[in-house]
Each structure stands twice: as C-alpha cells, then as structure tokens.
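Novice: here is my input, please return the structure:
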Amino acid sequence: MARALVTMPTTAQRGEVIEIRTLIAHPMETGYRHGDAGNSVPRDLIRRFSCHYDDGRGAALVFSAELFPAVAANPYIAFCTVATASGTLRFSWSGDNGFAQTETVALTVS
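Specialist: Sure, this is the predicted structure:
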C-alpha cells in the first residue's frame, strides 16, 4: 500500500473555495529503463486520479486526471472545489499491476 497525503481544510463556510493538495508515494516506472542486468524494468504507473464529494445527496465527481509516463514519481496534484455541504471527499488513485489506493477526508461546512 502506498503512502498518500491529502492536505485540505476540515472546516469551511458554505460557498467557500477550498484548495486540496494530494501527494502519493509511488515509483512511476515508465517501462523504458533497463536494470543493472540489462533487463527492462517493468512499467508501473498510476494511471488515474479522481476526487468525489459526497455531501449526503450522492457522490459528485469534482476532479479527475489521467496520468501518463511523463509524470514524475510521487505525483503531486492540487485543485480547488467549492464547499457546498458537510460531507466526505474520497480520493482514488489506480494504476498498473492492480494498484488501487483510496483515502477519505471529512469536511464540515457551516
């Protein structure tokens, strides 16, 4: 399991724009490099990232990204959304070799 960090406020005013920053520890091998023995290092990429905001009326997709081999190891993603109601934000990363990671953060809106 990879180490994922999510930085965002846990409280906000209704209608406030909040910044969300994510970072996940992952090697992001392109599959083009060769190891010490001359054999190819297998590709191991995070392919997709998404954030869903569940405010009690259902989970709405607020941000998604498709990642490619040019992305560095330990991808950092920052984006903003509007705090509409108290709920949970679910962050999901998926990739090669069955990689999947999900983190959740509660947001209280007043």
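Novice: and residue 96, backbone torsions?
Specialist: Here is the backbone geometry of residue 96 (degrees, to the nearest 10): phi -70, psi 160.
Novice: how about it, what does it touch?
Specialist: Listed by Cβ atoms under 8 Å, 6 or more residues apart in numbering, the contact set of residue 96 reads 43, 44, 45, 47. For every residue, glycine as well, the C-beta is placed using N, CA and C.
Novice: okay, and the beta partners of the second one?
Specialist: Applying DSSP bridges to residue 44 yields these beta-bridge partners: residue 29.
Novice: burial measure for it, as a count.
Specialist: Residue 44: 15 surrounding residues under other Cβ atoms under 10 Å.
Novice: give me the pLDDT value at residue 38.
Specialist: For residue 38, the pLDDT comes out at 89.
Novice: returning to that earlier point: which of the contacts of residue 96 are buried?
Specialist: Those of the contacts of residue 96 that meet the buried threshold are residue 45, by 16 or more other Cβ atoms under 10 Å.
Novice: tell me the secondary structure for the most far-flung residue of the chain relative to its centre?
Specialist: Farthest-out residue of the chain from its mean C-alpha position, per Cα atoms, centre = their mean: residue 37, at 33.8 Å. Assigned by DSSP: H, G, I helix; E, B strand; the rest coil, the conformation of residue 37 is coil.
Novice: is it correct that residue 42 is in contact with residue 29?
Specialist: Yes. Between residue 42 and residue 29 there is a contact under Cβ atoms under 8 Å: 6.7 Å.
Novice: settle it for me: which of the two has more neighbours?
Specialist: Set residue 42 next to residue 29 and count neighbours by other Cβ under 10 Å: residue 29 wins out with 16 against 11.
Novice: picking that back up, where does the residue farthest from the centre of the chain fall, phi/psi-wise?
Specialist: The phi/psi pair for residue 37 (degrees, to the nearest 10) is phi -80, psi 0.
Novice: repeat that for the one 4 residues further on.
Specialist: Geometry field for residue 41 lists phi and psi as phi -80, psi 120, criterion degrees, to the nearest 10.
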